[in-house]
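[1] just coords:
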């Protein structure tokens, strides 16, 4: 059953599905029906971990990929803790929504919100962060893709503001109130609309962005090569020429980097650490243990066969004709 919920004048969202008793696989299937808050930053090119191409891949493939890792599990398990700490710090009360919402005006926009603020037209997004990423939460700053996520939720729900709370593991708890920015929301809606109607619905893959994530998606689409040859269009020659220029420039920059590092090593000599008010330079001892696979194969071929693992990948090369 779809229930209309009025959150703001002229803004109506649908309760698309109750998440109570909904399996994780079914939840993932519903996510394919539109763009969620965690997708928004990636579509805008602001998420360092997800690209527009990977969002397209997730939305258009028929299979449901239930990917999970320890970091994601900790984020889910600590969500309740973050919500409880937020209530302690602010005095506000929050509640679970237990639903997936859909914008009535823009049905491609979905929202799975962590918490809604009781008695207020606002919500709460709960995050966890590694101590290694503490610099991204310095002062009043927050990762941009999280801020975009909050504005996406405001666009769907009509909320006037959204709180973003984070526990930085082993360090501190922080929160920030993000006020509704109507101009930003309208731009976000336009970007998401173009992505959904210009890419997802017609199956038109977005352009790659040069990230490792996009490279991973391309490899998923084309994991193996046919032993065939196709003609190379001449209009790609300019791009290939530019690629050669970039490679040459990268070599020059790498050589300059190496030169600077060599000068620093000569200055440090046998000392491990050097620092001043701006930089700390370390040239420390590192013990590395590697398996001599060639010797293992020669002296213990049976053991080598038992533990050898083969994999297939594709190697990309360019040579002048």
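    The structure has been received and is ready for your questions. What you see is a predicted model, and the numbers here were worked out from it, not measured in a lab.
[2] Can you report how many residues neighbour residue 128?
    Neighbour count of residue 128, defined by other Cβ atoms under 10 Å: 19. To be clear about C-beta, it is placed using only N, CA and C from the backbone, and glycine gets the same treatment.
[3] what mean pLDDT does the helix or strand hosting it have?
    Secondary structure assignment for residue 128, by DSSP states H and E: strand 122-129. Computed over strand 122-129, the mean pLDDT rounds to 95.
[4] Check stretch 96-103 too.
    pLDDT averaged over stretch 96-103 gives 93.
[5] Can you point out the buried residues in it?
    By neighbour count with 16 or more other Cβ atoms under 10 Å, stretch 96-103 contains the buried residues 97, 99, 100, 101, 102, 103.
[6] on that earlier part again, list the contacts of the next helix or strand after the strand holding residue 128.
    Sequence-wise, the next helix or strand downstream of strand 122-129 (DSSP H and E) is helix 144-157. When contacts are defined by Cβ atoms under 8 Å, 6 or more residues apart in numbering, helix 144-157 is touched by residues 7-8, 11, 13, 35-38, 40-42, 44, 46-48, 101-103, 106, 109-111, 113, 123, 125, 127, 159-162, 164, 178, 180-181, 184-185, 188-189, 192.
[7] can you give me the strands for the stretch 1-150 of the chain?
    Applying DSSP state E, counting those that start in this stretch to the stretch 1-150 of the chain gives strands spanning 3-8, 11-18, 94-95, 99-103, 110-111, 115-117, 122-129.
[8] So for residue 235, which of those sits nearest?
    Nearest to residue 235 among the strands of the stretch 1-150 of the chain is strand 110-111; the distance by Cβ to Cβ comes to 38.6 Å.
[9] counting contacts, what elements does the closest one pack onto?
    Here strand 110-111 touches strand 99-103, helix 144-157, going by 3 or more Cβ pairs under 8 Å, 6 or more residues apart in numbering; DSSP states H and E.
[10] what's the neighbour count on the closest residue to residue 12 other than its chain neighbours?
    Leaving aside its sequence neighbours, residue 12 sits nearest to residue 104 (Cβ to Cβ, 6 or more residues apart in numbering; 4.6 Å). Residue 104 has 16 neighbours, counted by other Cβ under 10 Å.
[11] Next one: residue 104 from residue 45, what distance?
    According to Cβ to Cβ, to the nearest Å, residue 104 stands 28 Å off from residue 45.
[12] related to what we said a few turns ago, correct me if wrong: the residue nearest to residue 12 contacts residue 14.
    Yes - if you go by Cβ atoms under 8 Å, residue 104 and residue 14 touch, sitting 5.7 Å apart.
[13] This structure - how does it break down into domains?
    Domain assignment for the chain by automatic domain parsing gives 3-220, 237-307.
[14] Single out the most deeply packed of those domains.
    domain 3-220 (a mean of 16; mean count of other Cβ atoms under 10 Å).
[15] Off-centre distance for it?
    Using Cα atoms, centre = their mean, to the nearest Å, the mean C-alpha position of domain 3-220 is found 11 Å from that of the whole chain.
[16] Helices of the protein, start to end?
    Taking DSSP state H as the test, the helices found in the chain are 24-31, 37-43, 52-60, 70-77, 79-90, 144-157, 182-195, 212-221, 237-268, 293-299, 301-307.
[17] So which residues make contact with the fifth one?
    This points to helix 79-90. For helix 79-90, using Cβ under 8 Å, 6+ apart, the contacting residues are 92-94, 114-115, 124, 126-128, 163, 165-167, 173, 175.
[18] Going by distance to residue 285, which of these wins?
    Within these, the smallest distance to residue 285 is 33.6 Å, found for residue 128 (Cβ to Cβ).
[19] pretty sure the closest one is in contact with residue 78, am I right?
    Yes - with contact defined as Cβ under 8 Å, residue 128 reaches residue 78; the gap is 5.0 Å.
[20] Now the common contact residues for those two.
    residue 167.
[21] what are the pairing partners of the strand holding residue 128, and which direction each?
    With DSSP bridges as the test, strand 122-129 is paired with strand 115-117 (antiparallel), strand 161-168 (parallel).
[22] Tabulate those strands (TSV), appending mean pLDDT and distance to residue 70.
    Shown next, in TSV, are the strands paired with strand 122-129 (pLDDT from 0 to 100; distance: least, Cβ to Cβ, whole Å):
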stretch	mean pLDDT	distance to residue 70
strand 115-117	96	23
strand 161-168	96	16
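[23] Relative to residue 148, how far out is residue 76?
    Relative to residue 148, residue 76 is positioned 21 Å away (Cβ to Cβ).
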